[in-house]
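S.K.: sequence first, then the predicted structure:
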Amino acid sequence: MASILIKSATIVNEGKQVVADVFVKNGIIEQIGKSLEHHADQEINAEGLHLFPGCIDDQVHFREPGLTHKADIFTESRAAIAGGITSFMEMPNTIPNALTQELLADKYAIAARTSAANYSFFMGAGNDNLDEVLKTDPNNVCGIKVFMGSSTGNMLVDNEKTLEGIFSQAPILVATHCEDEATIRANAERFRVQYGDDLSPEMHPMIRTAEACYISSSFAVGLAKKYDTRLHILHISTAIETALFDNTLPLNKKRITAEACIHHLWFSDADYEKKGNWIKWNPAIKTAADREAIFQAVLDDRIDIIATDHAPHTIEEKSQPFSKAPSGGPLVQHALIAMIEFYKRGKISLEKIAEKMAHSPAICFQVDKRGFIREGYWADLVLVNLNKPYVVSRKNVLAKCGWSPFEGEVFGSTVISTIISGNLVYEDGIIKDGIFGKRLAFNR
């Protein structure tokens, strides 16, 4: 493993910026300081560049096994590192669903062979696998995923006894997708009666409404408070839900946390006319007022993490009529530079971006020695040129699906280099061949 000396970088870390050098040896950040003089196998002149801790994405769908025509761990992990995401936590709604410890272990085995980035996988919860869920090892699995809404496949958990069992006995963090299934079905039926098959993307947030989200998320919060569950609610999409969370405790003391996703921070329902199915997600993108409320909750720490919910589908699948087109899209390659675009618009600081995309996921999930630029920590690092424009096109999309909801967007910054566990794996648009990702460990 080559040693690396990064010279004169503007380090964005733990609430401040400082120009310094970073020396990496044997995968670990050995020293941070001014004018370091170490012999290194690789030296990077980072003058004028910003060095961020590698982003930790706590919600991705890399589609392997079973759906690899859309994506796989090899392709999507490479897209992630090109975007400055050095670690990911992947969801269980693959085929077969990861509902047993054996199936979960299979996914870890695939990642060990193919992942360019560091990895962890959620154990899936269903209506009838509580015994398997409770076998989950807190020290090497990121969490338990509960679909409290039928967003994807057949993993809807709607049995109250099962939910009570999960929330009262889960040995680790429970992450939930919260949409109320009964509300969505009633809305969908009403629209079908009125419009038949002539539905359009603009109707998506009218079917998967703010009410559907709030009914489910408030129910989850109620269960968590009843049982003192460590609850993490994913992809908050409404203003009303932000009132369920508070900022009175430091993150490491919170029992209930929340996540916002890039698409809910960037788009609004006004974009459906132009973007159509390409921004069809569950939960749905909603109003500009919802978007601004979510952003404010990120800034004031009611919402703790910024993630992607990267969930690719093929161009052919997304090109179907609205009612047939699946929900989800690719985001890992452009998440960091999209957030830096908000910095350029004066909406968020670089320090807050590092906090929400690296520090907070590490704290929230108790990730061992990652998420910060600290001596003794794994060297997961990202160098960004804040003044080098990047144009998104299908020609430079690395996700296997070959498209992006950001196509045509001109971002003002570019990811220059990404270091994974001490390995320089991405530099000036080129990904180094090799499998560099490591399984995430957790201090619990």
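M.R.: In hand now; what should we look at?
S.K.: would you mind measuring from the residue lying closest to Thr287 once chain neighbours are set aside to Gly329?
M.R.: Nearest residue to Thr287, sequence neighbours excluded (C-beta to C-beta, 6 or more residues apart in numbering): Asp269, at 5.5 Å. To be clear about C-beta, it is placed using only N, CA and C from the backbone, and glycine gets the same treatment. Distance of Asp269 to Gly329, computed by C-beta to C-beta, to the nearest Å: 16 Å.
S.K.: between those two, point out the one with more neighbours.
M.R.: Gly329 (25 against 19; other C-beta atoms under 10 Å).
S.K.: tell me the phi and psi of the more buried one?
M.R.: phi -170, psi 170 (degrees, to the nearest 10).
S.K.: what sits against it?
M.R.: Going by C-beta atoms under 8 Å, 6 or more residues apart in numbering, Gly329 touches 263, 278-281, 310-313, 318, 403-405.
S.K.: narrow those residues to those in helices?
M.R.: His263, Lys318 (DSSP state H).
S.K.: of the contacts of Gly329, closest to Gly376?
M.R.: His310 (30.2 Å; C-beta to C-beta).
S.K.: hang on, the closest one packs against Asp58?
M.R.: No - assessed by C-beta atoms under 8 Å, His310 is found out of contact with Asp58, at 11.1 Å.
S.K.: dump the contacts of Gly329 to JSON lines, plus pLDDT and distance to Ser217.
M.R.: Below are the contacts of Gly329 laid out as JSON lines (pLDDT from 0 to 100; distance: C-beta to C-beta, whole Å):
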{"residue": "His263", "pLDDT": "98", "distance to Ser217": "18"}
{"residue": "Trp278", "pLDDT": "98", "distance to Ser217": "26"}
{"residue": "Ile279", "pLDDT": "98", "distance to Ser217": "21"}
{"residue": "Lys280", "pLDDT": "98", "distance to Ser217": "21"}
{"residue": "Trp281", "pLDDT": "97", "distance to Ser217": "16"}
{"residue": "His310", "pLDDT": "98", "distance to Ser217": "21"}
{"residue": "Ala311", "pLDDT": "98", "distance to Ser217": "19"}
{"residue": "Pro312", "pLDDT": "98", "distance to Ser217": "25"}
{"residue": "His313", "pLDDT": "98", "distance to Ser217": "25"}
{"residue": "Lys318", "pLDDT": "98", "distance to Ser217": "27"}
{"residue": "Trp403", "pLDDT": "98", "distance to Ser217": "30"}
{"residue": "Ser404", "pLDDT": "98", "distance to Ser217": "28"}
{"residue": "Pro405", "pLDDT": "98", "distance to Ser217": "24"}
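S.K.: closest to Val193 out of the contacts of Gly329?
M.R.: Taking C-beta to C-beta as the measure, Val193 lies nearest Lys280 of the contacts of Gly329, at 21.4 Å.
S.K.: in space, what's closest to that closest one - neighbours in sequence excluded?
M.R.: Using C-beta to C-beta, 6+ apart and skipping the chain neighbours, the partner closest in space to Lys280 is Ser327 (5.1 Å).
S.K.: one more: Leu223?
M.R.: Leu223's closest residue in space is Phe167 (C-beta to C-beta, 6+ apart), at 4.4 Å.
S.K.: quickly find the element holding the one you found.
M.R.: helix 160-169 (DSSP states H and E).
S.K.: now do the buried residues in that helix.
M.R.: Neighbour-count burial for helix 160-169, with 16 or more other C-beta atoms under 10 Å as criterion, is recorded at Thr162, Leu163, Gly165, Ile166, Phe167.
S.K.: so how far is it from its chain's centroid?
M.R.: Chain-centre distance of helix 160-169: 26 Å, with C-alpha atoms, centre = their mean, to the nearest Å.
S.K.: which strands and helices sit next to the helix or strand that comes right after it?
M.R.: Reading on from helix 160-169 to the C-terminus, the next helix or strand found by DSSP H and E is strand 174-178. Helices and strands touching strand 174-178, by 3 or more C-beta pairs under 8 Å, 6 or more residues apart in numbering; DSSP states H and E, are strand 144-148, helix 210-227, strand 231-233.
S.K.: and the longest one, what's buried?
M.R.: For helix 210-227, the neighbour count (16+ other C-beta under 10 Å) marks 210, 212-221, 223-224, 227 as buried.
S.K.: nearest to Gln31 among those residues?
M.R.: For the buried residues of helix 210-227, the nearest to Gln31 is Ala224 (41.7 Å; C-beta to C-beta).
S.K.: who touches the nearest residue to the closest one once chain neighbours are set aside in this structure?
M.R.: Spatially, and ignoring its direct neighbours in sequence, Ala224 is nearest to Leu231 (3.7 Å; C-beta to C-beta, 6+ apart). Applying C-beta under 8 Å, 6+ apart, we find Leu231 in contact with Phe167, Leu173, Val174, Thr176, Ala220, Val221, Leu223, Ala224, Arg255, Ile256, Thr257.
S.K.: export these to CSV and tack on pLDDT?
M.R.: Converted to CSV, these look like this (pLDDT from 0 to 100):
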residue, pLDDT
Phe167, 97
Leu173, 98
Val174, 98
Thr176, 97
Ala220, 97
Val221, 98
Leu223, 96
Ala224, 98
Arg255, 98
Ile256, 98
Thr257, 98
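S.K.: quick one, what contacts Gly84?
M.R.: Phe52, Gly54, Cys55, Ala335, Leu336, Ile337, Val382, Val384, Val415, Thr418.
S.K.: ok, back up a step: for the contacts of Leu231, could you give me TSV that also reports distance to Leu398?
M.R.: Output for the contacts of Leu231, formatted as TSV (distance: C-beta to C-beta, whole Å):
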residue	distance to Leu398
Phe167	38
Leu173	30
Val174	32
Thr176	30
Ala220	34
Val221	37
Leu223	39
Ala224	37
Arg255	37
Ile256	35
Thr257	30
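S.K.: quick revisit: between the helices and strands packed on strand 174-178, which one is nearest to Ile29?
M.R.: Across the helices and strands packed on strand 174-178, closest to Ile29 is strand 231-233 (C-beta to C-beta), at 27.4 Å.
S.K.: check the offset of the closest one from the chain's centre.
M.R.: 14 Å.
S.K.: okay, the angle between the helix or strand following that strand and helix 210-227?
M.R.: Downstream of strand 231-233, the first helix or strand assigned by DSSP H and E is strand 256-261. Angle, strand 256-261 to helix 210-227, by axes from the mean of the first three to the mean of the last three C-alpha atoms, to 10 degrees: 150 degrees.
S.K.: tell me the one among the contacts of Gly329 nearest to Pro138.
M.R.: Here the nearest of the contacts of Gly329 to Pro138, counting by C-beta to C-beta, is His310; it sits at 25.0 Å.
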